[in-house]
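# I'd like to go over a predicted model; first the sequence, then the structure.
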Amino acid sequence: MSIKVGIPRGLWFYDYYPLWKTFYECLDAEVIISKPTNRKILDQGVKNTVDEACLPVKIFNGHVIDLKDRADYIFVPKMMSAYEREYICPKFCGLPEMVLHSIEGLPPLIDVEINFNKSRKNMADTIYKFGFYIIKDKRKINRAYCEALKNYRDYKNAIKKGILPIDGDLTEINGGKIYDRKIKKIMVIGHTYNIYDSYSSMNLLNKLKKNGVHIIVPEMIGFEHINRHAATLDKKMFWSFGRKLLGTSIYLAETRDVDGVIYISSFGCGIDSIIQYLFEKKSRKEGEIPFLLLTIDEHTGEAGINTRIEAFLDMIEWRKRYENNISTYG
Amino acid sequence: MKITFPHMGNQYVATKVLLEELGVDLVIPPPCSKNTLNIGVKYSPESICLPLKVNMGNYIQSINRGADTIVITGSCGPCRFGYYSIIQKELLSEAGYDIDIILLDPPQGDYKTFFDNIFKLTGTKNPYKIIRALKKAVTVINAVDDLESVTYYKRPREKAKGDVDRYYDAFHRGIRTVYGCREVLQLIKTTREKILSVEEDTTEEIIKIGIIGEIYTIIEPFVNLNIEKKLGDLGVEIDKSLKVSRWLKEHLFLNPLGLTSERKTWEASEPYLKTMIGGHARETIGYAVRYAKEGFDGVIQIYPLTCMPEIVAQSILPTIEKDHNIPYLCLIMDEMTGEAGYMTRLEAFVDLLRRRKGINEGEKLLFGY
């Protein structure tokens, strides 16, 4: 019988799941992904996490609980740093420990450390460590990783074309249509685990889609633009997520390419507290682009969010229609 | 050039000596107060952590007293503190204060900017002069931390409540009136002698509590609502996991060279938290274990709301509480923290520790029989 590896549908899931899913499947393990976030998962997560933790961590714990009786291993890597001299949020760095000390009766965790802060030389070793949980054959692990990487690239390309992983399922967000100047073009930004998890984001993307909005996300701009702009910052941004967004904000301030920005942030997010401020300053004050901040936590009421989205879209509509008209008076 | 800097407990004494020995003009921000916090809150983003808000208050109060340059130290992640310098710069310019900022970030390969900033701050390019001043500042910070340890010891034992604080408060007022290393050291020495000579009451049993958590909230008495005084009055002797002298030594001298003096603490935290995750989470965990082994009666963790590394530590600490059989209390600070509720929790915790100690000793007696 093959080994069952459980992958929780939370946090880094929307960035990396095709990579690890293919990787373990090529090693002949059975990959089980937890159910899309629902009330039960959220409740379980809230019950088993310290109060102070942010919503995404609580949801993640809920997903781990969903998997704990169904898998031989649960995949919770210790993600310290994905790029040189950059980090991911401290909670990601301590995630395996948080999970381990919050939930009882867990199967063993795959908690290999991913740390490329100094350099990427330890890449091969890291991958072997991930593979050794299933098989000891290095050649087979290499082959599986190559296959996984191919899949991962396809996934990234799909996102770039606007096929977004809502709840993990790739969906054409703009229905394959090309952007038409007459409709509203809105950029949705925030951590991937907030944007693509339709339960925690209150289905934001689909709501916008229903309103006939052309949606874009930072990945669709292209990393060459983002990286070039991020390099102009006063001090290097040491969070990978932050660098992506600040690069985007400078790009937007320069090109004024969108009609509005919706920033979705979870309450208590330390990274957002800084990035959101700097982003808003750049894009709204310097780029004069309308900005809406939606803060979510486990108590957020959907009606309030709807009202705010509607008001924001109306405002953009008026702006688009009337603002260019110069008064005939005076 | 009139330089100012943010407050962090007794750090200002050392910074004052450092700059005065170099002959640089400086403005010491007024002690943190409700007013400082209100100013800070007004100009800071809502969801940022508390230390930044207090720092902003410090800067603006100093600017109003004539400061025109701010010196800020920094780090390079993964904790929010790493981007403090940039965001403070933006906030100050947004608030309409046109002011020069000197950033002392870890060099990360860019030694030229680092040394340029040091030369700019010190107003001299003579390395001997800088090192001499630095050495004096280190002597002073060690002496001040030592003085503070004496107050930790004496406060719960004093016969007439308030004696220690009278001398200690006078010391803080006095610091602003003296100049240079020699006079500061003299003041520290006389205060120390005065506090040591405070009469002791030997009848009450002393309880020991270790204070762990985020460095700024531990060290800055205004932010933690003067926990050392409150606990001292309840008959508790404390020890803090992080001290300014330790922080300076780690942060400014050892870390850039890839060294550390915290090896022992890291080893203690190893079974619970394997790597560093930014901030002082590893020290929080490590010291909790060390305090338990050294026979402390309890530990209190303090951190500002939404502090990321400490949240990770908080979810691990209950396991340590169980494994090492040491009671643990968590206090989270923000600008809304009310003093009465805080006091009630401290009193309840100390009562619990006292009763627990009594029961444990009762059991020992039974076994002895």
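Thanks, I have it. Residues are numbered from 1 along each chain as shown, chains lettered A, B, ... in the order given.
# quick one: B:Ile141 and B:Trp247 touch, right?
No. Here B:Ile141 does not reach B:Trp247: they are 9.5 Å apart, not a contact under CB atoms under 8 Å. (C-beta placed from N, C-alpha, C; glycine too.)
# who's more crowded, these two?
B:Ile141 (24 against 19; other CB atoms under 10 Å in any protein chain shown).
# Rounded mean pLDDT for the host helix or strand of that one, please.
Assigned by DSSP states H and E, B:Ile141 falls within helix B:127-154. When pLDDT is averaged over helix B:127-154, the result is 89.
# again with stretch B:324-344
Across stretch B:324-344, the average pLDDT comes to 89.
# is it anywhere near chain A?
Yes. Counting by CB under 8 Å from any CB of the partner chain, contacts between stretch B:324-344 and chain A involve B:Ile332.
# Listing request: residues of the chain with sub-threshold pLDDT.
No chain in the question, so chain A it is. A:1, A:323-330 (pLDDT under 70).
# switch to chain B, that's the one I care about
For chain B (pLDDT under 70), the answer is B:76-77, B:107-109, B:251-261, B:364-369.
# would you list every one of the strands in it?
B:2-4, B:25-26, B:69-73, B:100-104, B:207-213, B:236-240, B:298-304, B:328-333 (DSSP state E).
# Also chain A?
A:4-7, A:30-33, A:73-75, A:78-81, A:109-110, A:113-115, A:163-166, A:169-172, A:185-190, A:214-216, A:260-266, A:291-296.
# most neighbours per residue, which of the ones you listed?
Highest mean neighbour count of the strands of chain A: strand A:73-75, a mean of 25 (counted as mean count of other CB atoms under 10 Å in any protein chain shown).
# Which secondary structure elements does that strand sit against?
strand A:4-7, strand A:109-110 (3 or more CB pairs under 8 Å, 6 or more residues apart in numbering or on different chains; DSSP states H and E).
# Parallel or antiparallel, list what pairs with the shortest one.
Spelled out, it's strand A:109-110. Using DSSP bridges, strand A:109-110 pairs in its sheet with strand A:73-75 (parallel).
# which residues make contact with the strand it pairs with from outside it?
Identification of contacts with strand A:73-75 by CB atoms under 8 Å, 6 or more residues apart in numbering or on different chains yields A:3-8, A:20, A:24, A:64, A:67-68, A:99, A:106-110, A:133.
# and with 6 Å instead?
Residues outside strand A:73-75 that contact it (CB atoms under 6 Å, 6 or more residues apart in numbering or on different chains): A:5-7, A:64, A:67, A:107-110, A:133.
# export the strands of chain B to a markdown table and tack on distance to A:Ala303 and mean neighbour count?
Conversion of the strands of chain B to a markdown table gives the following (distance: least, CB to CB, whole Å; neighbours: other CB atoms under 10 Å in any protein chain shown):
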| stretch | distance to A:Ala303 | mean neighbour count |
| --- | --- | --- |
| strand B:2-4 | 48 | 19 |
| strand B:25-26 | 54 | 17 |
| strand B:69-73 | 43 | 20 |
| strand B:100-104 | 44 | 16 |
| strand B:207-213 | 38 | 25 |
| strand B:236-240 | 47 | 21 |
| strand B:298-304 | 32 | 25 |
| strand B:328-333 | 30 | 20 |
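# among these, which is nearest A:Ile296?
Nearest to A:Ile296, of all the strands of chain B, is strand B:328-333, at 20.8 Å by CB to CB.
# Quickly run through the sheet partners of the closest one, with directions.
By DSSP bridges, strand B:328-333 pairs with strand B:298-304 (parallel).
# Pull the residues that contact the strand it pairs with.
Counting by CB under 6 Å, 6+ apart, B:49-50, B:209-214, B:217-218, B:224, B:288, B:291, B:310, B:327-331, B:333, B:353 sit against strand B:298-304.
# Let me see the domain layout of chain A.
A:4-158, A:166-322 (automatic domain parsing).
# gap between the first one and the chain center?
Going by CA atoms, centre = their mean, to the nearest Å, the spacing between the C-alpha centre of domain A:4-158 and its chain's C-alpha centre is 14 Å.
# can you check the last one too?
Taking CA atoms, centre = their mean, the mean C-alpha location of domain A:166-322 is offset from the chain mean by 12 Å.
# first to last residue in that domain, what's the distance?
Taking CA to CA, to the nearest Å, domain A:166-322 runs 34 Å from one end to the other.
# residues from the stretch 51-200 of chain A in reach of chain B?
A:52-53, A:87, A:90-91, A:93-94, A:97-98, A:101-102 (CB under 6 Å from any CB of the partner chain).
# Could I get those residues in JSON lines, plus columns for neighbour count?
Shown next, in JSON lines, are those (neighbours: other CB atoms under 10 Å in any protein chain shown):
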{"residue": "A:Glu52", "neighbour count": "18"}
{"residue": "A:Ala53", "neighbour count": "24"}
{"residue": "A:Tyr87", "neighbour count": "27"}
{"residue": "A:Pro90", "neighbour count": "27"}
{"residue": "A:Lys91", "neighbour count": "25"}
{"residue": "A:Cys93", "neighbour count": "29"}
{"residue": "A:Gly94", "neighbour count": "30"}
{"residue": "A:Glu97", "neighbour count": "25"}
{"residue": "A:Met98", "neighbour count": "27"}
{"residue": "A:His101", "neighbour count": "20"}
{"residue": "A:Ser102", "neighbour count": "23"}
